[in-house]
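1. give me a model of this one.
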Amino acid sequence: MDILIIGGSRYFGKRLVRRLLDSGHAVTVLNRGSATPPEGTTHLVADRNDEAALEKALGDRTFDVVVDQFCYTPRQAAVARRVFGARAGRYVMTSTVEVYGDGDFRAPVREEAVDPRTVAVDLELPWEDPDFLDEHYGEGKRQAEAVFAADPPFPYASVRVAHVLGGDDDFTGRLDHYVRRVRAGEPIAVPAVNHPATYVYVEEIAAFLAWAAEAEFTGPVNAHSDGTLTTADLCAEIERQVGGRTVFREVTDGPASPLSFARSYAMDNSRARALGFPFGHVSRWLARAVAETAGAR
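-> Numbers count the residues shown, from 1 in each chain. So this is what the prediction gives:
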C-alpha cells in the first residue's frame, strides 16, 4: 500500500514508519522539514496549517491510507478533510485518552462515552494560540475527531492513545521526572488519593497504529495495554533498577507530578481486542520502559 504519515519523525511515529516499511509498504512522510524521517521514505515538506502549501506539496499524489499523527485542532482537521477528500482511501487520526475530558473513570471508559458525531465544533476559538491549545488539548482532539466523523469523505478511524511509556527518546520527560527524583530521594508531588491509569508501551502503540493502517474498521478505538499502573508502581520499578528512595508529598492545592491522577483514568480496550489486536499486559514491558528511560539519562 501507499501510506502517508503526517508527522512520523519522532518517538512512536518513527517506529510506526519503520514497521510499515518492514511490511513492504511505500511510505511517504509529510512534515515541516524540522526533522528527517527514516531512510526509505519519501519526504514531503509543508506546513499542514497552510492549505495552499499542502496542496502544492502533495501535487497529484493519492494514498491508500493517511495516518495523521499531528492533528490537534478542528481547523487542522477541516483542512485535511478538504485536501485529502479525494486523495485518501482511508484516514486514521491519532487521538488521545484526553478526549474523555475530566470525568472520573470509575469503570474503564468505552468509546461510546464520547461520540464525535455529537461533539460541537467551534472553529473560531484561538486554536493557533499555543497557550490556549495546551490548556485545551483534549478539547482540540475531541473537536478534530468531530470534524472528520461528520459525513466523512473517506473511511475514517480515530485511535485514542493512552499515556505512552518507554524508549530512550521519550521527549515528554514524564517518566524521567520520577527517575530523577527517586535517584535523588527528592519529594514527588502526588494527590492525596492517587488513582491508577492505563498505559501503552511505545513499541506496542507503533504496532497498533501499523495494524490500524492495514485494517478496515472505522470510528474511535481505545489503544492501551492491559492492566493499570499507579505512580507507586512506576516508582517501585525505578527503585528496583536504579536505587534511590521514593518520597511522596501529598498535595491538595497545586499541580501534582505528571502521570499522577486525582481521578480514575482507565480506558477499556475490548473493542480493539474484538477487532483482532492482542494487547499485552503492562507487567510485560514496565521494566523495559524504565530501563530505557533511566539508561538514557
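2. what segments of the stretch 1-150 of the chain are strands?
-> Remark: strands assigned in the stretch 1-150 of the chain by DSSP state E, counting those that start in this stretch are 2-6, 26-31, 42-45, 65-68, 91-96.
3. export the last one as CSV, just CAs?
-> I take that to be strand 91-96. Provided in CSV are the C-alpha atoms of strand 91-96 (Å, rounded to 0.1, in the frame of the first residue of the first chain):
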residue,chain,number,x,y,z
TYR,A,91,-7.8,8.1,7.1
VAL,A,92,-6.5,7.2,10.6
MET,A,93,-6.1,10.0,13.2
THR,A,94,-4.0,9.6,16.3
SER,A,95,-6.2,10.8,19.1
THR,A,96,-5.9,10.6,22.9
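4. by how many degrees do it and strand 2-6 diverge?
-> 30 degrees (axes from the mean of the first three to the mean of the last three Cα atoms, to 10 degrees).
5. list the strands paired with strand 91-96, with their directions.
-> Note on strand 91-96: by DSSP bridges, its sheet partners are strand 65-68 (parallel), strand 156-161 (parallel).
6. following the longest one, which helix or strand comes up?
-> The one in question is strand 156-161. strand 163-165 (DSSP states H and E).
7. gap between stretch 263-283 and the chain center?
-> 14 Å (Cα atoms, centre = their mean, to the nearest Å).
8. so how far is the first residue of that stretch from its last?
-> 22 Å (Cα to Cα, to the nearest Å).
9. same question, stretch 94-110
-> Distance across stretch 94-110, first residue to last, is 17 Å (Cα to Cα).
10. what average pLDDT does that stretch get?
-> What stretch 94-110 shows for mean pLDDT is 85.
11. and if you look at stretch 183-193?
-> Mean predicted confidence for stretch 183-193 is 94.
12. and the protein, what are its domains?
-> Annotated domains of the chain cover 2-164+199-223, 166-197+227-265+280-295 [automatic domain parsing].
13. which stretch among the ones you listed comes nearest R273?
-> domain 2-164+199-223 (10.0 Å; Cβ to Cβ). From N, CA and C alone the C-beta is placed, and that goes for glycine too.
14. adding distance to T198, write the strands of the stretch 1-150 of the chain out as a markdown table.
-> As requested, the strands of the stretch 1-150 of the chain are exported to a markdown table (distance: least, Cβ to Cβ, whole Å):
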| stretch | distance to T198 |
| --- | --- |
| strand 2-6 | 25 |
| strand 26-31 | 29 |
| strand 42-45 | 34 |
| strand 65-68 | 22 |
| strand 91-96 | 12 |
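15. with distance to F84 and mean neighbour count as added columns, please give these in JSON lines.
-> As requested, the strands of the stretch 1-150 of the chain are exported to JSON lines (distance: least, Cβ to Cβ, whole Å; neighbours: other Cβ atoms under 10 Å):
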{"stretch": "strand 2-6", "distance to F84": "8", "mean neighbour count": "24"}
{"stretch": "strand 26-31", "distance to F84": "11", "mean neighbour count": "22"}
{"stretch": "strand 42-45", "distance to F84": "13", "mean neighbour count": "14"}
{"stretch": "strand 65-68", "distance to F84": "6", "mean neighbour count": "26"}
{"stretch": "strand 91-96", "distance to F84": "6", "mean neighbour count": "25"}
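16. so which of the strands paired with strand 91-96 is nearest L20?
-> strand 65-68 (8.5 Å).
17. pLDDT on the closest one, on average?
-> 98.
18. please save the CA atoms from it in CSV.
-> This file holds the C-alpha atoms of strand 65-68, laid out as CSV (Å, rounded to 0.1, in the frame of the first residue of the first chain):
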residue,chain,number,x,y,z
VAL,A,65,-4.1,5.3,3.8
VAL,A,66,-3.2,8.5,5.6
VAL,A,67,-2.1,8.2,9.2
ASP,A,68,-2.4,11.7,10.8
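19. point out the most buried one among the domains of the chain.
-> Each of the domains of the chain was assessed for mean neighbour count using mean count of other Cβ atoms under 10 Å. The highest is domain 2-164+199-223, with a mean of 19.
20. ends of stretch 233-253, how far apart?
-> First residue to last in stretch 233-253 (Cα to Cα) measures 23 Å.
21. hmm, I was thinking of stretch 121-134
-> Span of stretch 121-134 from end to end, Cα to Cα: 18 Å.
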